[in-house]
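A.B. asks: with the input below, show me the fold.
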Amino acid sequence: MNRTVKRIINILFTFLFLSLPLFAQQGGLMPAGMQNLADQILAVFTSRFVQVILAIFLCGAAVAYAFNKDNEKIKRNAIAIGIAAGILVGASTIVGAIWNASSG
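C.D. replies: Predicted coordinates for the structure are as follows:
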């Protein structure tokens, strides 16, 4: 097989792997108890409580960055915490939007 065919096969398998939860949810393959558990886990990560905690982390990282601009180690940690909080907020929003769109 040449490299182009292998890349196409990898892309197709990646797409299939990433779309399996949607097929399982709509096809009735997921047991009812597992569906309820998945809904509860999603509700925890997209809840207002978690959003408030992430906002506090983001504000704390901003304050640490502002007051410790000369300390490189603190600055790196504050930037890392800020980026991580931003990724978590974005991820919970994206997952919530996809979950709501796929459930009808």
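A.B. asks: contact partners for Phe57?
C.D. replies: Shown in contact with Phe57 (CB atoms under 8 Å, 6 or more residues apart in numbering): Ile81, Ala84, Ala85. In short, each C-beta sits where N, CA and C put it, glycine included.
A.B. asks: so which of those residues wins on neighbours?
C.D. replies: Comparing those by number of neighbours (other CB atoms under 10 Å), Ala85 comes first, having 20 neighbours.
A.B. asks: for the strand or helix carrying that one, packing partners?
C.D. replies: Assigned by DSSP states H and E, Ala85 falls within helix 72-102. Helix 72-102 is packed against helix 3-26, helix 32-45, helix 48-67, with contacts defined by 3 or more CB pairs under 8 Å, 6 or more residues apart in numbering; DSSP states H and E.
A.B. asks: how about JSON lines for those, with mean pLDDT added?
C.D. replies: Formatted as JSON lines, these follow (pLDDT from 0 to 100):
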{"stretch": "helix 3-26", "mean pLDDT": "77"}
{"stretch": "helix 32-45", "mean pLDDT": "73"}
{"stretch": "helix 48-67", "mean pLDDT": "79"}
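A.B. asks: from the chain's centre, how far out does stretch 54-71 sit?
C.D. replies: Here the centre of stretch 54-71 is set off from its chain's centre by 22 Å, with CA atoms, centre = their mean, to the nearest Å.
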